[in-house]
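> Predicted model follows, preceded by the sequence.
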Amino acid sequence: MNKFRTFDPCTMLSPVPVVMVSCKGVEAEAKPNIITIAWAGTVNSQPPMVSVSVRKERYSHKLIKDSGEFVVNLVDENLCKACDYCGVKSGRDVDKFAEMQLDAMPALGLEYAPAVAQAPAYLSCKVRQVIELGSHDMFLGEVVGVQVRDDLFDPDGSLHMESAKLVTYNHGVYQRTVDVLGFFGYSVARPEVLERRMGTYHK
Ligand SMILES: Cc1cc2nc3c(=O)[nH]c(=O)nc-3n(C[C@H](O)[C@H](O)[C@H](O)COP(=O)(O)O)c2cc1C
């Protein structure tokens, strides 16, 4: 039997995705900003929807609320440091795009929020609902556009997200996602399917 230690009720769910959420105010002179978010998730398939939970006091909160838009940028190993920086500095004080030498590019389907050009993939989102949960407001966003970097596709058109070197957040640390252990349904796949499929994943 394992021995366990007891915690007070807390957000122990691990690992979780960590994403860079880009946003922009609606004023003509508004500058784009990035906030690092670990409280993010997929919440619906049809229509595709994701959630990001943002504390009211974050500079980005107002930008997302006012514009009704945000972009979820996936984080790879190259972006990990910038991701951390965007999670410890506020857009009130610094231009995070400039400081981290990131480029803002138009995001598919959105008017205000830009995407981070260096991200391996991004999801353009329009806010459909804001739910006040307590410490955080959860923005439910409908995904209205998606782009994935071209080099993550095989010549046959198949997407290899497993080779994107994405980063996860695991109880306070950023962690690599590297080896493929299996695929959806592999526990019940026939041996020949298992062997064929497992040979197709990039290292
Ligand atoms: C790994 C990591 C995860 C974070 N997750 C969240 C989150 O889910 N929600 C949130 O409101 N702040 C989160 N933060 C804190 C904000 O990213 C941070 O306060 C940031 O400086 C806010 O930027 P802004 O003031 O420009 O909006 C996280 C920070 C880090 C480093």
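Sure thing, it's come through.
> Now for the residue of the chain at minimum distance from the ligand, how many residues are close by?
Nearest residue of the chain to the ligand, counting by C-beta to the nearest ligand atom: Gly87, 2.5 Å away. Every C-beta, even on glycine, is put in place using the N, C-alpha and C of the backbone. For Gly87, the neighbour count with other C-beta atoms under 10 Å is 16.
> Setting aside sequence neighbours, what's the nearest residue to it?
Distances taken as C-beta to C-beta, 6 or more residues apart in numbering place Thr36 nearest to Gly87, at 3.1 Å, with adjacent residues excluded.
> tally of neighbours for Met105?
Counted with other C-beta under 10 Å, Met105 comes out at 16.
> go on, Leu133?
Using other C-beta under 10 Å, Leu133 is surrounded by 9 other residues.
> Tell me the backbone dihedrals of it, please.
Here is the backbone geometry of Leu133 (degrees, to the nearest 10): phi -100, psi -20.
> and the gap between the closest residue to it other than its chain neighbours and Gly134?
Using C-beta to C-beta, 6+ apart and skipping residues adjacent in sequence, the residue nearest Leu133 is Ser53, 6.9 Å away. Going from Ser53 to Gly134 by C-beta to C-beta, to the nearest Å gives 10 Å.
> that older thread, confirm the residue of the chain closest to the ligand sits in a strand?
No - note on Gly87: no strand contains this position according to DSSP: H, G, I helix; E, B strand; the rest coil, which reports coil.
> Would you state the helices of the protein in chain order?
Per DSSP state H, the chain carries helices over the ranges 59-67, 80-85, 96-99, 191-198.
> hey, which of those helices is tucked in deepest?
helix 59-67 (a mean of 20; mean count of other C-beta atoms under 10 Å).
> For Val193, give me its contacts.
For Val193, the contact set (C-beta atoms under 8 Å, 6 or more residues apart in numbering) is empty.
> what's the pLDDT at Tyr186?
What the model reports as pLDDT for Tyr186 is 98.
> Would you check that it makes contact with Glu195?
No - between Tyr186 and Glu195 there is no contact under C-beta atoms under 8 Å: 10.9 Å.
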